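Trainee: Quick one: sequence and predicted model below, then my questions.
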Amino acid sequence: MAEHAGSGYVVSAVNRKLMQKGALVLIGAAILVAALMVILPTRYYFGVHHGSVTLYAAKISGFIPSPVPGYSAIPVGSQSVKAFAKRNFTDVKTAVAALREFLQAEIAAQSAAVTEKEKEMAVLYDGYVPNLAGAKMLGIEGLDQQVQALQAWMQYHQAKAVK
């Protein structure tokens, strides 16, 4: 085997001092993140997933969140909940109270819209339900459930209109 005078073998293409500095920077960053996780207060926020919201707790919103027990997969049908979910809260009670208030406002708005549509439908059903009942009396089969359901709905609507 031939020896090369004055030449050494290249063991690594990476400078060891650079690796040491990089390791120190990573250790420092890890210590900083750990300190922030201890120092920062826990924040609460809602995450929206497949028609439901879940309350999460995290030191930094969205960073290593954990679901708050008892407040996961709360069903919601409103698309505007996504804008609501961007808010952060200081504690669970405040977050739940805000969601309750949000849902009450949504329910009131949706109820008003549904009531208007129900009024339109009631006018149409006023002629439709008696026709179905008459057809049933004349022997047309398969209308029992439909007649019962529509009569129940009409009673509900009339009772609701009285309020």
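Mentor: Done, it's in.
Trainee: Using the three-state scheme, assign the spatially most central residue of the chain.
Mentor: With distances taken as Cα atoms, centre = their mean, the residue of the chain nearest its centroid is Val48 (2.0 Å). With DSSP: H, G, I helix; E, B strand; the rest coil as the basis, Val48 sits in strand.
Trainee: Show the pLDDT at it.
Mentor: The score at Val48 is 90. That number is its pLDDT.
Trainee: Could I get the buried residue list for stretch 70-79?
Mentor: For stretch 70-79, the neighbour count (16 or more other Cβ atoms under 10 Å) marks Tyr71, Val76, Ser78 as buried. C-beta here means a position set from N, CA and C on the backbone, and glycine is covered the same way.
Trainee: Equivalent analysis for stretch 107-120, please.
Mentor: Glu118.
Trainee: Same question for stretch 36-44.
Mentor: Going by 16+ other Cβ under 10 Å, stretch 36-44 has these buried residues: Arg43, Tyr44.
Trainee: contacts for it?
Mentor: Stretch 36-44 is contacted by residues 55-61, 68, 88-92, 94-95 when judged by Cβ atoms under 8 Å, 6 or more residues apart in numbering.
Trainee: what's the closest of these to Ala112?
Mentor: Using Cβ to Cβ, Ala95 comes nearest to Ala112 of these, at 26.6 Å.
Trainee: Go ahead and confirm that closest one touches Leu55.
Mentor: Yes. In terms of Cβ atoms under 8 Å, Ala95 counts as a neighbour of Leu55; the distance is 5.8 Å.
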